[in-house]
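missing the sequence, but the structure's below:
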RNA sequence: GGAGGAUUCGCCUAGUGGCCUAGGGCGCACGAUUGGAAAUCGUGUUGGGAGAGAUCCCUCAGGGGUUCAAAUCCCCUAUCCUCCGCCA
């Protein structure tokens, strides 16, 4: 939910943000009009209520003769109050709609425009030079690490089994990620993968991404696409005594991938289900941009541990989700594709989520909404795909990065049995 | 899934239609007392919104209803507890 005060104080900045996103500027004026209407309706209601409260106070203290006359008067006033209350409720609903129609205001410096306008901020490492590289599907099959055929047999397209060294790789990556996060002060969390509608809506995933989300209609629950959802909901309706608070959440993630037909159909790069370790921070608003840089730094640290060549991308405004004010992706090199592909993503959602979820912290200026930020530490399936692809050797084995070895029984290479 | 019970301020609790503009205790904050502290005493202490301010409105799990008037009566929902059933 957008900061109403910001829209009132600086509507031009919000209009500029809408322009950068390629979104509708007139929504800003619609919101201002809705807010004016709400304020007027609220003032009318409050005045009538004050009058009614005063009248009822009199009824209490007056003798029975006068009482009947007062009650008759109060009865009339009660009808007016009821009507004013209905108008107020309607105006508030209209405001809420106008307010949720607007996406977050983008941060200064975000490239304007769509997907093609994103800016590469940094390129790290040297992509390995390989002749006729195999992709992770071939390598995974040879290592008996990824079983895509049986995944399809059991669950359908875009499902997989991790077996043998593949399953061990998952636990190794999760443990490495959790160890790094814990050392950095994150509280490790295992989070539920099913959440209530209001939590899903509060994190902004029921707007434009609604088609991406699995819903259990019988139980009115949603399967999360990221543990960001549960970690944001964790402190819903709470006042945090101290910030920053940082969580590293592990959960399964589920995505319908509607509208991605034909994209990454091969392998486990784009799947309906995967496990992920996600960083999530609650910070003071003035600290949000710094925290965003810290999250990015921790993501880079993890990439470095995996000894991957990657680049950092500043995502253009039109490609941001509605909750994000800014987003940085890390794309790692996939030799078989000859391309960088997204492995992690970190977003600064400022107070967009915390307003809807009612998460605040104490400040000298009173209780204020906190900023929330999230960042992928390790999306397991895609990371395994990248590791196999990136670290394949000409002899058919796969090199194990040094940082991962302690979690794989000291193994330095993965070789077919 | 079935049957009961519960939900009031950070915590514990009082409260069966108007004296609740929610009382008390604990905790917390500030002050007095003290050489300093404990103890004691006093004051303050749910949260949100509007306003320069005095104030005003909303808030007794959430939503709806009855009434001139609801923490209190009625309906629905959520959560927790106990028992039964099922179960890793």
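Happy to help now that I have it. Not measured: the values here are computed from a predicted model. Numbering: from 1, shown residues only, chains lettered A, B, ... in the order given.

name the residues that touch stretch A:46-56?
Stretch A:46-56 is contacted from outside by A:70, A:73-74, A:77-78, A:80-81, A:84, using C-beta atoms under 8 Å, 6 or more residues apart in numbering. C-beta coordinates here come from the backbone N, C-alpha and C atoms, glycine included.

can you redo these as JSON lines with pLDDT, secondary structure and neighbour count?
Formatted as JSON lines, these follow (pLDDT from 0 to 100; DSSP: H, G, I helix; E, B strand; the rest coil; neighbours: other C-beta atoms under 10 Å):
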{"residue": "A:70", "pLDDT": "79", "secondary structure": "helix", "neighbour count": "15"}
{"residue": "A:73", "pLDDT": "82", "secondary structure": "helix", "neighbour count": "13"}
{"residue": "A:74", "pLDDT": "83", "secondary structure": "helix", "neighbour count": "16"}
{"residue": "A:77", "pLDDT": "84", "secondary structure": "helix", "neighbour count": "15"}
{"residue": "A:78", "pLDDT": "86", "secondary structure": "helix", "neighbour count": "14"}
{"residue": "A:80", "pLDDT": "86", "secondary structure": "helix", "neighbour count": "14"}
{"residue": "A:81", "pLDDT": "86", "secondary structure": "helix", "neighbour count": "16"}
{"residue": "A:84", "pLDDT": "87", "secondary structure": "helix", "neighbour count": "19"}
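
any chance of these in CSV, with distance to RNA strand B too?
Below are those laid out as CSV (distance: C-beta to the nearest atom of the strand, whole Å):
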residue, distance to RNA strand B
A:70, 7
A:73, 8
A:74, 3
A:77, 6
A:78, 3
A:80, 11
A:81, 7
A:84, 10
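
the closest residue to RNA strand B within the stretch 151-300 of chain A pairs with what?
With C-beta to the nearest atom of the strand as the measure, the residue in the stretch 151-300 of chain A that lies nearest RNA strand B is residue A:239; the distance is 6.9 Å. For residue A:239, the beta-bridge assignment (DSSP bridges) gives partners residue A:360.

which of the contacts of stretch A:46-56 lies closest to residue A:35?
Checking those against residue A:35 with C-beta to C-beta, the nearest one is residue A:84 at 18.0 Å.

am I right that the closest one is in contact with residue A:43?
No. Under the criterion of C-beta atoms under 8 Å, residue A:84 makes no contact with residue A:43, lying 9.8 Å away.

so which bits of the stretch 251-400 of chain A are right by RNA strand B?
Within the stretch 251-400 of chain A, the positions near RNA strand B by C-beta under 7 Å from any atom of the strand are A:360, A:366-367.

which single one of those residues is nearest to RNA strand B?
The shortest distance between RNA strand B and any of those, using C-beta to the nearest atom of the strand, involves residue A:367 and amounts to 3.0 Å.

helices of chain A, start to end?
For chain A, helices defined by DSSP state H occupy the ranges A:4-9, A:11-21, A:26-61, A:64-101, A:136-142, A:148-155, A:165-183, A:197-202, A:228-233, A:288-305, A:352-357, A:380-390.

could you dump those helices to JSON lines with distance to residue A:129?
What follows is the helices of chain A, written out as JSON lines (distance: least, C-beta to C-beta, whole Å):
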{"stretch": "helix A:4-9", "distance to residue A:129": "50"}
{"stretch": "helix A:11-21", "distance to residue A:129": "39"}
{"stretch": "helix A:26-61", "distance to residue A:129": "50"}
{"stretch": "helix A:64-101", "distance to residue A:129": "50"}
{"stretch": "helix A:136-142", "distance to residue A:129": "17"}
{"stretch": "helix A:148-155", "distance to residue A:129": "27"}
{"stretch": "helix A:165-183", "distance to residue A:129": "24"}
{"stretch": "helix A:197-202", "distance to residue A:129": "45"}
{"stretch": "helix A:228-233", "distance to residue A:129": "37"}
{"stretch": "helix A:288-305", "distance to residue A:129": "19"}
{"stretch": "helix A:352-357", "distance to residue A:129": "43"}
{"stretch": "helix A:380-390", "distance to residue A:129": "12"}
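
right, and those - which one's nearest residue A:274?
helix A:380-390 (3.9 Å).

so what's the gap between that closest one and the chain middle?
On the basis of C-alpha atoms, centre = their mean, to the nearest Å, the separation between the geometric centre of helix A:380-390 and that of its chain is 23 Å.

who are the packing partners of it?
For helix A:380-390, the packing partners by 3 or more C-beta pairs under 8 Å, 6 or more residues apart in numbering; DSSP states H and E come out as helix A:136-142, helix A:165-183, strand A:273-283, strand A:326-334, strand A:339-348.

all good on my end, thank you.
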